[in-house]
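S.K.: kindly generate the corresponding structure for this input.
(one chain, ligands or ions: 1)
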Amino acid sequence: MSKLSLSEPKDTPIEQATLANKARKIPLPSGNTRVPLRQAKSTCQLTYTPPRRKPKSLQKTPSAIVPFLTKSSQLKAWEHDTRLQELETFADTFFSKISQVGQNSDVMKDAINLYKSRVEELEKNRDEIMANNCTLRIEMESMKNKLSTAEEALKIAETEHEIATDEHEQRLRIETDAVREEGQTQLQNLISQHQNEIEDLRRRHERELDNERSTYQREISQVTSQSALDTQKVHLEVANRDRQIEALQRDLRTARDDIEAEKLKNRELRRNLDTSSSNTLTLESSVRALKARIEFLESGSQEQSQAFERLQKQLEDALAETNEAKEKLRKEEMLRRKLHNQVQELKGNIRVFCRVRPTLNFEPESDIAQIAFPDGGEDCKEIAVMGPEERSSLGTVSRKQNAFSFDRVFGPGNQNADVFEEISQLVQSALDGYNVCIFCYGQTGSGKTHTMSSADGMIPRAVHQIYDTAKSLEEKGWTYTMEGNFVEVYNENLNDLLGKADDLDKKKHEIRHDMQRCKTTITDVNTVTLDSPEMVETILKRAAANRSVAATKANERSSRSHSVFILRLMGHNKITGERCEGTLNLVDLAGSERLSHSGATGDRLKETQNINRSLSCLGDVIGALGTGKEGGHIPYRNSKLTYLLQFSLGGNSKTLMFVMVSPLQAHLGETLTSLKFATKVHNTHIGTAKRVSKIQN
Ligand SMILES: Nc1ncnc2c1ncn2[C@@H]1O[C@H](COP(=O)(O)OP(=O)(O)OP(=O)(O)O)[C@@H](O)[C@H]1O
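M.R.: Numbering: from 1, shown residues only. Okay, the predicted model is just below:
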């Protein structure tokens, strides 16, 4: 069953028109009060029964109906039954439609009521809005009033603000002026302050510049001396090269001559070849003749082979004799070493030599002490020094003669060459693999440095001798390498005299002992391989330069420190496989003057105390070695010097002490003290020295 709504008429045109007319009379809701369509639909839903479908003929009826009956009307007579039936159907439809419309009008009435109530509601709303409108208008009026009041207040505030701004600007201007003035005064102050600072900086900079300049000058002098050494070395090398070049040129000339001779020979040979080929024929015939002769001679060959055997035997005998002679020579060398050592031991492993230096030009004759040499001559061993004047209780003035005897005494007339002659045998011992220590002891200015390190002193002489001997030993199979260190013990600190002068008293060096190999090394020191005797001059100059840089006065530093020249000699005999290692220590001790006499204070006092301590430690070590107790304690560790020389003092070494004496009366006290100390050392006997050697497998 389909449903019919007001807005959806689906009837015939007549019915649609009727319904539309009816609907037009119903007031429609307007605006917000409109009834939703769905609601309307639900309220206006009517039950509709569709009309039964008319027969086709009936449907066309309205167009077939003739409004008037005329003659021309060709009307057929009605069929009553059909017509009636149709009318009845129509009436039914009509009535049903009327009832339906009635029902619709009820729905409409309900809708109208609804709309009415809605209209009332809207009117009420409108009244409320009107009332609201009124209130808003009043509020707007009051707001307008407030706005005008606010505008006035704003104007007043603006004028006030302008006034305040003006005042503020004025105040600001005044303050700015004040600040500017203050700034200018501060600026002036800063400028003057900066100028002062710049002045200070300039002064400081100049000072630093001066310091740097002096440092550079020092460095330059060092570099200059270094470069002089290098130049010397280079010169030597150049001379060597020149010699080599000359030798090569000689060789070349000889080779050229040889070539020329060869060429001549060649030409001659060619000529000979020509001759030979012509001779060949002759020879061939000769060969034949010779063959016949050989056959004849073979009978005498036995005799010849016997002569050959005789010659071979003679040659073998000669070779055996040579080997025997060589072996004898080696044995003799070993024997010489042994005997030499025995001689040295007989002389004592610790020996003391005394040397009195001559007076110098500037020293007055009146200030010369009375020193005598009772057994003066070639082999002088005694010295007698007239002591200072002593007044007895009776008032008589007397002088005591102090006599001393040593292994050898050298007077003022002796030269370094004489002194070296005596010690050269000890140097030989170092080459033979012994540890040798030569000390120079005495007060400042007594001639220690002159004896030890001057151009013809013990150090250069020893090195020259070592070179000469090493060379002569080459034919006996020995080759030697030599290494040198030059260190200084100053204030119980070790310094490397072959290093940089700037490192003196700054760089730390440590002494390391290899107890198994009885070897001493010093950390961080320069070791120079002495490959020529001239190198020693370089080393001595360098050490002297370093010392003079470190001290204000050149002599000052050398007087207050012990210098130790260490020369290690490593020998290897390629025939016997024997190896030996000896050390020669040449020690120039610091001035031995006593503390009470030196009148030292401050740094000097410290230096003097250190010197005295190390010298007395040296005495203690020698004394302890002299007691000769096996395994007895030797206080090597009590000073740097004795610790450094641990393996060169004592049983396995040979020691020579030079006591240096000044000839001046003013030094008499110190002279006697030195001689007494030397006598103590002289009375000490140190055990037998052992040679450091081993045979290679
Ligand atoms: N045998 C000598 N023949 C000539 N002059 C000598 C001799 N011994 C020393 N002199 C001179 O005496 C001066 C002092 O000697 P030297 O500098 O060797 O003394 P020193 O004991 O080493 O002093 P210091 O402890 O200050 O180093 C030097 O001018 C040196 O040349």
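
S.K.: and for the residue lying closest to D456 once chain neighbours are set aside, the neighbour number?
M.R.: Of all residues not flanking D456 in the chain, N416 sits nearest, at 4.8 Å (CB to CB, 6 or more residues apart in numbering). For glycine as for every other residue, the C-beta is placed from the backbone atoms N, C-alpha and C. By the measure other CB atoms under 10 Å, the count of residues near N416 is 19.

S.K.: which bits of the stretch 401-550 of the chain sit near the ligand?
M.R.: G442, T444, G445, S446, G447, K448, T449, H450 (CB under 6 Å from any ligand atom).

S.K.: residue contacts, the first one?
M.R.: Going by CB atoms under 8 Å, 6 or more residues apart in numbering, G442 touches K448, L589, G591, S592, F658, V659, M660, V661, S662, S674.

S.K.: show me those residues that map onto helices.
M.R.: K448, S674 (DSSP state H).

S.K.: now, of the contacts of G442, which are buried?
M.R.: Neighbour-count burial (16 or more other CB atoms under 10 Å) is assigned, among those, to K448, L589, G591, S592, F658, V659, M660, V661, S662, S674.

S.K.: show me what contacts V419?
M.R.: F353, R355, F410, T451, M458, F658.

S.K.: ok, back up a step: how about the buried ones among the contacts of G442 in CSV, adding pLDDT?
M.R.: Shown next, in CSV, are the buried ones among the contacts of G442 (pLDDT from 0 to 100):
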residue, pLDDT
K448, 92
L589, 90
G591, 84
S592, 76
F658, 93
V659, 94
M660, 94
V661, 94
S662, 92
S674, 91
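
S.K.: which among these gets closest to V621?
M.R.: L589 (13.4 Å; CB to CB).

S.K.: that closest one touches Y441, doesn't it?
M.R.: Yes: at 5.1 Å, L589 counts as touching Y441 under the criterion of CB atoms under 8 Å.

S.K.: anything in contact with each of those two?
M.R.: Common neighbours of L589 and Y441 (CB under 8 Å, 6+ apart) are K448, L615.

S.K.: the stretch 551-697 of the chain: strands as residue ranges?
M.R.: Ranges of strands within the stretch 551-697 of the chain are 562-573, 578-588, 653-661, 693-695, based on DSSP state E, counting those that start in this stretch.

S.K.: can the first one be said to contact the ligand?
M.R.: No: contact check for strand 562-573 against the ligand, using CB under 6 Å from any ligand atom: none in range, with a minimum separation of 8.9 Å.

S.K.: show me which residues of the chain sit near the ligand.
M.R.: So the chain meets the ligand at 357-358, 360, 442, 444-450, 555, 558-559, 591, 660 (CB under 6 Å from any ligand atom).

S.K.: and the residue in the stretch 201-350 of the chain positioned nearest to the ligand, how far is that from R213?
M.R.: Here the residue of the stretch 201-350 of the chain nearest the ligand is S225; by CB to the nearest ligand atom that distance is 20.1 Å. Shown here: S225 relative to R213, a distance of 19 Å by CB to CB, to the nearest Å.

S.K.: over to D106?
M.R.: Separation of D106 from R213 (CB to CB): 132 Å.

S.K.: neighbour count: the two, which is higher?
M.R.: The residue with more neighbours, out of D106 and R213, is D106; 13 against 10, by other CB under 10 Å.

S.K.: centre of the chain to the helix or strand where that one lies, how far?
M.R.: Applying DSSP states H and E as the criterion places D106 in helix 80-297. Offset of helix 80-297 from its chain centre (CA atoms, centre = their mean, to the nearest Å): 32 Å.

S.K.: around D251, how many other residues sit close by?
M.R.: Neighbours of D251 using other CB under 10 Å come to 11.

S.K.: how near is it to D257?
M.R.: 11 Å.

S.K.: and the angle from the helix or strand harbouring E389 to strand 653-661?
M.R.: Take DSSP H and E as the rule and E389 turns out to sit in strand 382-391. Angle of strand 382-391 versus strand 653-661, following axes from the mean of the first three to the mean of the last three CA atoms, to 10 degrees, is 40 degrees.

S.K.: quick one: pLDDT of the residue sitting nearest the centre point of the chain?
M.R.: Nearest to the mean C-alpha position of the chain, by CA atoms, centre = their mean, lies D524 at 16.3 Å. Note on D524: pLDDT of 91.

S.K.: isn't it right up against D496?
M.R.: Yes: here D524 reaches D496: they are 7.2 Å apart, a contact under CB under 8 Å.

S.K.: shared neighbours of these two, anything?
M.R.: K507, H509.

S.K.: still on that earlier bit, cross the contacts of V419 against strands and list the overlap.
M.R.: F353, R355, F410, F658 (DSSP state E).

S.K.: would a markdown table of those residues with distance to V397 be doable?
M.R.: Compiled in a markdown table, the ones in strands among the contacts of V419 are given as follows (distance: CB to CB, whole Å):
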| residue | distance to V397 |
| --- | --- |
| F353 | 34 |
| R355 | 31 |
| F410 | 32 |
| F658 | 34 |
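
S.K.: and for the strand holding E389, what's in contact with it?
M.R.: With CB under 8 Å, 6+ apart as the test, strand 382-391 has contacts from 354, 356, 369-375, 397-406, 409, 661, 668-669, 671-672, 675.

S.K.: which residues of the stretch 351-500 of the chain fall in helices?
M.R.: 416-431, 448-453, 458-473 (DSSP state H, counting those that start in this stretch).

S.K.: D496 pairs with what?
M.R.: Per DSSP bridges, the residues bridged to D496 are V487.

S.K.: which residues does it contact?
M.R.: N485, F486, V487, D503, K507, H509, I522, D524, V525, N526.

S.K.: one more: N683?
M.R.: Per CB under 8 Å, 6+ apart, neighbours of N683: G626.

S.K.: from I622, how far off is it?
M.R.: 10 Å.

S.K.: what do you get for E169?
M.R.: 101 Å.

S.K.: and the two? which has more neighbours close in?
M.R.: Neighbours were counted for E169 and for I622 using other CB under 10 Å; I622 has more, 22 against 10.

S.K.: of the ones in strands among the contacts of V419, which is the most crowded?
M.R.: F658 (30 neighbours).

S.K.: residue of this protein with the smallest distance to the ligand?
M.R.: G447 (2.8 Å).

S.K.: ramachandran angles for that residue?
M.R.: phi 110, psi 20 (degrees, to the nearest 10).

S.K.: just confirm it contacts P663, I think it does.
M.R.: No: G447 is not in contact with P663 according to CB under 8 Å; the separation is 9.7 Å.

S.K.: quick one: common contacting residues for the two?
M.R.: With CB under 8 Å, 6+ apart, G447 and P663 have common neighbours R357.

S.K.: follow-up on the earlier one: so which of the strands of the stretch 551-697 of the chain gets nearest E199?
M.R.: Of these, the one closest to E199 (CB to CB) turns out to be strand 562-573, at 47.3 Å.

S.K.: now the closest one: buried residues?
M.R.: In strand 562-573, counting by 16+ other CB under 10 Å, buried: H562, S563, V564, F565, I566, L567, R568, L569, G571, H572, N573.

S.K.: so D505 is in which element?
M.R.: Using DSSP H and E, no helix or strand contains D505.

S.K.: residues touching it, list them.
M.R.: Counting by CB under 8 Å, 6+ apart, D505 touches Y490, N491, N493, N495, A550.
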